[in-house]
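*Asks:* just need the structure, nothing else, for what follows:
(one chain, ligands or ions: 2)
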Amino acid sequence: MQRNHNHTTIVTVEKVINETPTVRTLVFSDEVMSQALPGQFAMVWIPGINELPMSIMISEESGKTAFTVRKHGSASTGLFNIEEGQQIGVRGPYGNSFDVKEGNLLLVGGGTGLVPMMRLLTFVKPTDNVTVLIGAKSKDEVFFEDLANSLLKNNSHKIIVSTDDGSYGEKGYVTDLVEKLVSENPYDGVYVCGPEIMMHKTVLAANSKNIFVQASLERMMKCGVGICGSCCIGEDLVCKDGTIFDGNHLSQNKEFGIFHRNKAGILENY
Ligand SMILES: Cc1cc2nc3c(=O)[nH]c(=O)nc-3n(C[C@H](O)[C@H](O)[C@H](O)COP(=O)(O)OP(=O)(O)OC[C@H]3O[C@@H](n4cnc5c(N)ncnc54)[C@H](O)[C@@H]3O)c2cc1C
Ligand code: FES
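*Replies:* Numbers count the residues shown, from 1 in each chain. Ligands and ions are numbered 1, 2, ... in the order given. Model prediction:
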């Protein structure tokens, strides 16, 4: 029987990988989630705590998939603390997916914004020339550099890490590098996921050069399926109309990069 993706499926976490002191990847078996398109997300039920939206991560084993979570508040810490053998609930996959261009590609990920970028890397063609920019606060918080290198072993590629404090890779904000790279290279596609200020600057830089760009947005999500409105940004519902939006569309959105809504739905400045 075909699975209803709006029903929660209970899965058992089979492996926990420590990526950094605050980031872990939880691997589990799920055929449906393992075939998610790049950029899709799931609603993840953490028993006794809450449900959170999470980007669907890849796994190196077929039929398996994962979530990569950063420990922050109550629900993300609950998920971070899940141990091998414990269960979580998943529904989805939800949302649209990246429009995968061919040629010269730039992927920009900040923190757990790298998760959809890793799945996107599994969709690039061997002929594509791919640059991945990894942004992190410090050396301790850099992850997926080796994974990106291994996923791109058959491509002409470059992985550039930048840390805010300069403790590893280039020093400074990843967006400074984006602006430089975008002004020097004729990219066929730019993809970004991470803090909204970072996405906003990346979109502005690519738009100014008429380069195709897509950003994967994050908002408060309660239903994940377009009913509750908690994820709205201007006229758009991030869960249903996105999470991925083109740069041209975002340039018309008066909230992108400026406001988000808190848990009560009230607009707050970034
Ligand atoms: C599409 C999408 C993909 C995401 N992918 C990832 C990922 O791969 N890895 C990752 O670490 N984080 C991801 N996030 C962010 C994640 O969903 C949480 O927002 C973040 O972990 C903060 O949760 P918290 O428990 O630390 O909440 P706090 O900021 O401390 O908030 C307290 C409580 O508010 C609720 N809450 C917080 N954020 C949300 C939310 N976005 N929607 C609904 N309720 C919320 C929870 O009950 C939470 O415990 C994603 C968000 C979106 C929208
Ligand atoms: S999360 Fe409910 S409408 Fe988007």
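*Asks:* residues of this protein that sit close to ligand 1?
*Replies:* Residues of the chain lying close to ligand 1 (C-beta under 6 Å from any ligand atom) are 41, 50, 52-55, 68-70, 72-76, 112, 115, 218-222, 243, 263. Just so you know, the C-beta spots here come from the backbone N, C-alpha and C atoms, and that holds for glycine as well.
*Asks:* strands - which of those residues land there?
*Replies:* 41, 50, 52-55, 68-70 (DSSP state E).
*Asks:* returning to what we had before: of the residues of the chain next to ligand 1, just the buried ones, PyMOL syntax please.
*Replies:* Filtering those down to the buried ones (16 or more other C-beta atoms under 10 Å) takes a single PyMOL command:
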select buried, resi 41+52+53+54+55+68+69+70+75+76+112+115+218+219+220+221+222+243
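*Asks:* tell me which residues of the lengthiest helix in the chain come out buried.
*Replies:* Secondary structure of the chain read by DSSP state H shows that its longest helix is helix 196-208. Applying a neighbour-count criterion of 16+ other C-beta under 10 Å, the buried positions in helix 196-208 are 196, 198-207.
*Asks:* repeat for stretch 248-255
*Replies:* Quick answer for stretch 248-255 (16+ other C-beta under 10 Å): 249-250, 253, 255.
*Asks:* rounded mean pLDDT for it, please.
*Replies:* In this model, stretch 248-255 has an average pLDDT of 94.
*Asks:* contacts for it, please.
*Replies:* 203-204, 207, 215, 233-236, 245, 256, 267 (C-beta atoms under 8 Å, 6 or more residues apart in numbering).
*Asks:* and Arg219, what is it in contact with?
*Replies:* The neighbours of Arg219, taking C-beta under 8 Å, 6+ apart as the test, are 230-233, 238-239, 260-261.
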